[in-house]
Structure formats: structure tokens, C-alpha cells
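S.K.: Okay, here's the prediction I keep looking at, along with the sequence it came from:
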Amino acid sequence: FLLLALLPIPQFIHPVTHICSVLEAQLLHQCLAIILDPLKIAACIGCMMSDPAGNVQFCYTPLVSYIVDIPKACMLACIQGLTSLVTLAMCDNFGDLDRHPPCTAAITLDQLNSITCDPADIDQYFTECKPFCLSSVSHPFWHDWALSHPLQFLTPEPLHHWHHEFWDHDVHWCTQVLGATELDFCFLVLPPITGLHHFIKASPS
């Protein structure tokens, strides 16, 4: 990894907590828009870059991956909490059997463009964004970045999306369905494989 910039850590004095959160999100997007502007330009017109072999290639730089935890991902996607990052599902729809439509960048930008209130009026803008479950960021840093969509660049974060997802949810679901004894037996009969952990007594659930 290469350090690109240091982001400010502001302390807002507004008495309303959610307004402070809005100001923090807006500042983050403004900073990222300034810092990443050269990459946005390269994504549109391309630039000459050296590959690992030392050859000069004409490259484009769309935003491929931005790995963060879920709260920060919501901030980057410009949505409020308890809302799906990749679909139009709200928290009340998370248990639905049918898959909800994807939440594309075009949908988010259309919703933002439909709001006629002045973004500088934080309270009113927050109120008008609430029906869309938007976080009141009027200009996402990715809105003018070619081929870059939160649906695609917000890739899974290993600790929370893989490790905790498995041990905190999947294992508990399997335990309820199979029972602890049967699940332990399934782990025990797995053949030892070099490079992978083998449970000789029981699963560590």
C-alpha cells in the first residue's frame, strides 16, 4: 500500500448529532473528490503508466475496489444506515425471499438530482433526503468518475464479511438446523488437508 493522503478528523460543535454526521460525510466526499481527481481524469482520457515488467502501457483508472467496514461503506455510497449497500432493500425487506433490484449509481444520482432544496440548508436537505434513505451528501466523490459505481467498487472486507459472517451467523444457523453434535461430527470426519486447519475434537463454535 502507498499512503496517498491524510484525511482530516473534524470535531463539529453543532448540538444535533445527525447534523454532525452529515457534515462529516460531506467533508469526506469533498476531500476524496480533490485527492482522487487525477485518477478521475485518467479514467476518462487515459495516461501512460509502467507495468510490473517495465513496459509502458496506456491505462485507464476506474475505481475498482474500496475496502471499508459497513458504516464507512454506507457513508461512501451516500445512504443511511439499515439500508442495503447493493440493492434497493430497506431494513424491513432484509428477510424477503425475492431479490430486490440493484442500487446503481444512476439511481442514487437521480434521487439526489430530484431534490430541489439547497444542500447548504443542512436541516431541510436532510429532511428531503430521508424518504430516499440518502445520507444528505449532495455531490458524491464518485459521481463524475467514469465506470465507477458503489455497487461494484465496495468489495467485501475479509474480517467482517467473511470471518465474522461465518462464525457469528453461518455456524449458528447450521447449529440450529443440524444440532451441535451433528455439526461437530461433520467437522471431525473432514479429511486432514495440508495447509488447512483440522478440528480433531469438535468445531470451535
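M.R.: Sure thing, it's come through.
S.K.: Please count neighbours and contacts with C-alpha atoms only from this point.
M.R.: Will do.
S.K.: and the lowest-mean-pLDDT helix or strand in the chain, how far out from the chain's middle?
M.R.: Using mean pLDDT, DSSP states H and E, helix 165 stands out as the lowest-scoring helix or strand of the chain, at a mean of 81. How far helix 165 lies from its chain's middle: 15 Å, per Cα atoms, centre = their mean, to the nearest Å.
S.K.: Which neighbouring elements make contact with it?
M.R.: Using 3 or more Cα pairs under 8 Å, 6 or more residues apart in numbering; DSSP states H and E, no helix or strand is in contact with helix 165.
S.K.: Next secondary structure element downstream of it?
M.R.: Next helix or strand after helix 165 toward the C-terminus (DSSP states H and E): helix 171-178.
S.K.: Number of residues surrounding residue 4?
M.R.: Neighbours of residue 4 under the rule other Cα atoms under 10 Å: 8.
S.K.: Oops, could you answer that again for residue 183 instead?
M.R.: Neighbour count of residue 183, defined by other Cα under 10 Å: 18.
S.K.: Against residue 2, how distant is it?
M.R.: Separation of residue 183 from residue 2 (Cα to Cα, to the nearest Å): 43 Å.
S.K.: So which residues of the chain form strands?
M.R.: 47-50, 56-59 (DSSP state E).
S.K.: nearest to residue 168, of those?
M.R.: Residue 168 lies closest, by Cα to Cα, to one member of these: strand 56-59, at 41.3 Å.
S.K.: can you put the strands of the chain in JSON lines and add distance to residue 126, mean pLDDT and mean neighbour count?
M.R.: Output for the strands of the chain, formatted as JSON lines (distance: least, Cα to Cα, whole Å; pLDDT from 0 to 100; neighbours: other Cα atoms under 10 Å):
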{"stretch": "strand 47-50", "distance to residue 126": "39", "mean pLDDT": "92", "mean neighbour count": "13"}
{"stretch": "strand 56-59", "distance to residue 126": "39", "mean pLDDT": "94", "mean neighbour count": "13"}
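S.K.: ranges for the helices of the protein?
M.R.: 17-35, 37-45, 70-77, 105-113, 122-129, 150-153, 165, 171-178, 180-188 (DSSP state H).
S.K.: Mind telling me which of these the model trusts least?
M.R.: Lowest mean pLDDT within the helices of the chain: helix 165, at a mean of 81.
S.K.: Which residues lie in contact with residue 7 in this structure?
M.R.: Applying Cα atoms under 8 Å, 6 or more residues apart in numbering, we find residue 7 in contact with 28, 31.
S.K.: rerun that using 10 Å as the cut-off
M.R.: Residues counted as contacts of residue 7 (Cα atoms under 10 Å, 6 or more residues apart in numbering) are 27, 28, 31, 32, 35.
S.K.: now residue 182
M.R.: By Cα under 10 Å, 6+ apart, the residues touching residue 182 are 174, 175, 188.
S.K.: Of the residues you listed, keep whichever come out buried.
M.R.: Buried members of these, scored by 16 or more other Cα atoms under 10 Å, are 175, 188.
S.K.: Just put the contacts of residue 182 in a markdown table and tack on distance to residue 200.
M.R.: A markdown table is the format used below for these (distance: Cα to Cα, whole Å):
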| residue | distance to residue 200 |
| --- | --- |
| 174 | 19 |
| 175 | 18 |
| 188 | 6 |
